[in-house]
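Predicted model and sequence follow; I will ask about them next.
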Amino acid sequence: MTLTSEETERYARHIVLAEVGGPGQAKLKAARVLIVGAGGLGTPVLQYLAAAGVGTIGIVDQDIVSLANLQRQVIHDTDAVGEPKTASAARSIGRINPHVTVETHPTTLTDANATALVAAYDVVADGSDTFATRYVASDACYLCQKPLVTAAVGMFDGSITTLKPWLRGADGRPNPTYRCLHPEPPPDDLLPTCAEAGILGGLTGVIGSIQAMEVIKEIVGFGTGLVGRVLHYDARAARFATFRYQWDPDNPLTGTQAENA
């Protein structure tokens, strides 16, 4: 896929990078990325992928913009309050980069629609705020063999990892699934909601920007990704830490007793 003269100028700072160059930028233009959630994490992912020149961005979100969202979900503005988040985000992306095609899916990601949605894209970034949706997204990405960059945030901390469980690592074992990292969701009453506990606005910008970076790396094909590793950020201590996790032979997707193992 070739770049126009306008696109060549727009992406000049990418093109001079040896790790990206013209071929890498063409990969970004040809790529189709699905973003699950146009909220705190989805905001920086959408903004930076649009600015980077990802050719087609899909947005899955059933919510409408509320005034309480605006403290961190900066892709939306005051005039968008009461509007579907997919529509508001699409309008903002159009202002950021008119070369990007936006596909809106104003719905919840469920077992019934996830496979069809995920299959239409090359990479998925999950910024949803429930374990139920994260399991749905990760299972669908495994079945469709699509890389998934998934992230989550708390009040002052966040984490991110990349999943490619249909592939094997250097040790010959399958890469871990999301269910290897989180075999069971926590009890419903264990974790407070964002509305109950609060969240620092800039935190979602930090984690979401890293998430966008990992998606770009997956598309262009440079650097080392986060497969088998969780990158954790503690905002209060200004500290990053990396934790490793492995394939669980008891996981229901790729474990030794799984039907498709």
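Cool, the structure landed.

Mind telling me what element residue 28 is part of?
Using DSSP states H and E, residue 28 maps to helix 21-30.

What residues sit buried inside that helix?
Of the residues in helix 21-30, 24, 25, 26, 27, 28, 29 count as buried by neighbour count, 16 or more other C-beta atoms under 10 Å. Every residue, glycine included, has its C-beta placed from N, CA and C.

quick one: which of these is nearest residue 70?
For these, the residue nearest residue 70 by C-beta to C-beta is residue 28; the value is 29.0 Å.

Quick check: the closest one touching residue 217?
No: the criterion here is C-beta atoms under 8 Å, and residue 28 misses it with residue 217 at 11.1 Å.

What segments of this structure are helices?
For the chain, the helices defined by DSSP state H cover 5-10, 12-15, 21-30, 42-52, 85-96, 114-119, 131-144, 178-181, 194-197, 201-220.

Format those as a markdown table; extra columns: distance to residue 257.
Formatted as a markdown table, the helices of the chain follow (distance: least, C-beta to C-beta, whole Å):
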| stretch | distance to residue 257 |
| --- | --- |
| helix 5-10 | 50 |
| helix 12-15 | 45 |
| helix 21-30 | 38 |
| helix 42-52 | 35 |
| helix 85-96 | 39 |
| helix 114-119 | 22 |
| helix 131-144 | 16 |
| helix 178-181 | 13 |
| helix 194-197 | 36 |
| helix 201-220 | 30 |
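
Select from the ones you listed the stretch with the lowest mean pLDDT.
The minimum mean pLDDT among these belongs to helix 194-197 (a mean of 69).

In this structure residue 77 contacts residue 70, no?
Yes: between residue 77 and residue 70 there is a contact under C-beta under 8 Å: 7.3 Å.

ok, the spatially most central residue of the chain to residue 27 distance?
The centroid of the chain falls nearest to residue 125 when counting by C-alpha atoms, centre = their mean (1.9 Å). Residue 125 sits 16 Å away from residue 27, going by C-beta to C-beta, to the nearest Å.

what's the answer for residue 42, then?
In terms of C-beta to C-beta, residue 42 sits 22 Å off from residue 27.

And residue 78, by the same measure?
Applying C-beta to C-beta, the value for residue 78 to residue 27 is 36 Å.

Show me which positions of stretch 243-258 end up buried.
Buried residues in stretch 243-258, counted by 16+ other C-beta under 10 Å: 247, 248, 251, 253, 254, 255.
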